[in-house]
Structures are given as structure tokens and as C-alpha cells.
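K.L.:
coords please:
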Amino acid sequence: FVGQMILLMQLYGKVASWNEALKNEVEKKTADLKKKNAQLRKITLIDPLTNTFNRRFFFQKLEEEFARHQRYQVPFSLLSIDIDNLKPINDTHGHLAGDAIIKGVVQALRAIGRRGDAICRLGGDEFAYILLNSDTHGAHTFAQRLQERFRKMEFKGISIRPTVSIGVVNSASAKFLDAVDLYRAADEALYKAKTQRDAICIYEKPAPA
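P.N.:
Predicted coordinates for the structure are as follows:
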């Protein structure tokens, strides 16, 4: 009986040791998986040049905020932002200079932005900024602050002064069909701003025929 008890205690010790080793291995694998998931998220949702969110994330976030607005009537604004004269800067000073300008827009947005808002690079010199809990007036003020901040930035060795044009739309300014419809409205406002350069245009609902 004593021998059996000793054997059982030895087995229990081995099982406890195995369980501890298994627990450590599971914790290690879990940590590795979290790290890989974070890396995968960065690859799929983060723009590598600016380290901001990319186009894929933008449309996901826009869908979420549009649904939240429809359900709870919480307004938000969308700013479509475009660098007016990036091509001549690239042609004159090279693409590294152009990259510095692109990063400058992000730097300016981060300097005046708020926690919870989303900076997204849609591609090339086009950006989108989702401004939460805001009305049209607040979004216009934010756009003005962005332009002022960007104008004051110094870019060494670049003779052409970069500016940004901005299209603004608020979720409560019209009955939009969906998030993409709201994005089209912001893009339409941006197109009008681009014709003037260094301008801000607010989307206005077309008058009924």
C-alpha cells in the first residue's frame, strides 16, 4: 500500500510538471499568435509610408460610423483631403521630397486631431479624416486649422510651397443612402475645392428639380 502511494505521488508530480510545461507552451503560443495577428493587421490596415490607416480600414470605419449615426443619430463629418501641387514637387525635387510632403500632411493632422478620429491615406496624395461627434461648422473649423498648420510647415530644399484642398461633408447634411454615398459627397466637394486650390468646399445637397 505504501509503495502504491509513493508511486501515485511520483505520478502526480510528473503530471503536475507536464501541466506546468503545457501551460507555459500554451502561453508562449498565444503570445506568438497575438504578435502575428498584430503584424497581419499592420500589413492589411496600415499604410507603410505614413503609418496611418489605409483605404481598406477607411471604408470599414466609415461603414461603422455611418451605421452608428443611423441608429443613434450621432453626427460625424468626413474630410477628403488632397495635396494640390504634389506632381510639380515630385517632378522638380524627386519623389523623396514628395514623400516628405505626404508625411507632412499626416504630421499636421496628428497635431490638431483628436483621440478616436481616424486619419486614412486613400492612395497617392489623397487622405480622408473621419471627425467624430461634429457638425458642419466644427468640421469647417477643423479644415481651416489643418490648412493653417500645413502652410506653416517648413520643408527644407523644396522651393514649391505645398497646399491642401479639402472637401467636407457631415452625416446629417442629407439623407445619404449608405456610407459610400456619403464618401461620394465628400469627394464631390473635394473636386470643387481642387478647382480653386488651397480651398475648402462644403457639400451642399442639390436642390430638387
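
K.L.:
where exactly do the helices run in this structure?
P.N.:
Applying DSSP state H to the chain gives helices spanning 2-45, 55-72, 86-93, 95-112, 136-151, 179-196.

K.L.:
need those in JSON lines (columns: mean pLDDT and distance to residue 122).
P.N.:
For glycine as for every other residue, the C-beta is placed from the backbone atoms N, C-alpha and C. Shown next, in JSON lines, are these (pLDDT from 0 to 100; distance: least, C-beta to C-beta, whole Å):
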{"stretch": "helix 2-45", "mean pLDDT": "74", "distance to residue 122": "13"}
{"stretch": "helix 55-72", "mean pLDDT": "96", "distance to residue 122": "5"}
{"stretch": "helix 86-93", "mean pLDDT": "94", "distance to residue 122": "14"}
{"stretch": "helix 95-112", "mean pLDDT": "96", "distance to residue 122": "12"}
{"stretch": "helix 136-151", "mean pLDDT": "97", "distance to residue 122": "16"}
{"stretch": "helix 179-196", "mean pLDDT": "96", "distance to residue 122": "10"}
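
K.L.:
turn those into CSV, including mean neighbour count and distance to residue 158.
P.N.:
What follows is the helices of the chain, written out as CSV (neighbours: other C-beta atoms under 10 Å; distance: least, C-beta to C-beta, whole Å):
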stretch, mean neighbour count, distance to residue 158
helix 2-45, 10, 30
helix 55-72, 16, 27
helix 86-93, 16, 6
helix 95-112, 18, 5
helix 136-151, 17, 13
helix 179-196, 18, 21
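
K.L.:
TSV please, covering these and showing distance to residue 173.
P.N.:
Putting the helices of the chain into TSV (distance: least, C-beta to C-beta, whole Å) gives the following:
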stretch	distance to residue 173
helix 2-45	28
helix 55-72	11
helix 86-93	29
helix 95-112	22
helix 136-151	6
helix 179-196	8
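
K.L.:
select, out of these, the one closest to residue 205.
P.N.:
With C-beta to C-beta, the closest approach to residue 205 among those belongs to helix 179-196: 8.5 Å.

K.L.:
angle of that closest one against helix 136-151?
P.N.:
If you take axes from the mean of the first three to the mean of the last three C-alpha atoms, to 10 degrees, helix 179-196 sits at 50 degrees to helix 136-151.

K.L.:
name the helices or strands packed onto helix 179-196?
P.N.:
Under the contact criterion of 3 or more C-beta pairs under 8 Å, 6 or more residues apart in numbering; DSSP states H and E, helix 179-196 touches helix 55-72, strand 77-83, strand 164-170, strand 200-202.

K.L.:
and the pLDDT at residue 48?
P.N.:
pLDDT, residue 48: 91.

K.L.:
for it, give its distance to residue 56.
P.N.:
Separation of residue 48 from residue 56 (C-beta to C-beta, to the nearest Å) stands at 13 Å.

K.L.:
give the contact list for the residue nearest to residue 50 when sequence neighbours are not counted.
P.N.:
Once flanking residues are discounted, residue 50 sits nearest to residue 106: 4.6 Å by C-beta to C-beta, 6 or more residues apart in numbering. Contact partners of residue 106, counting by C-beta atoms under 8 Å, 6 or more residues apart in numbering, are 50-52, 119, 121, 127.

K.L.:
now, which of those lie within strands?
P.N.:
Applying DSSP state E to these, the entries found in strands are 119, 121, 127.
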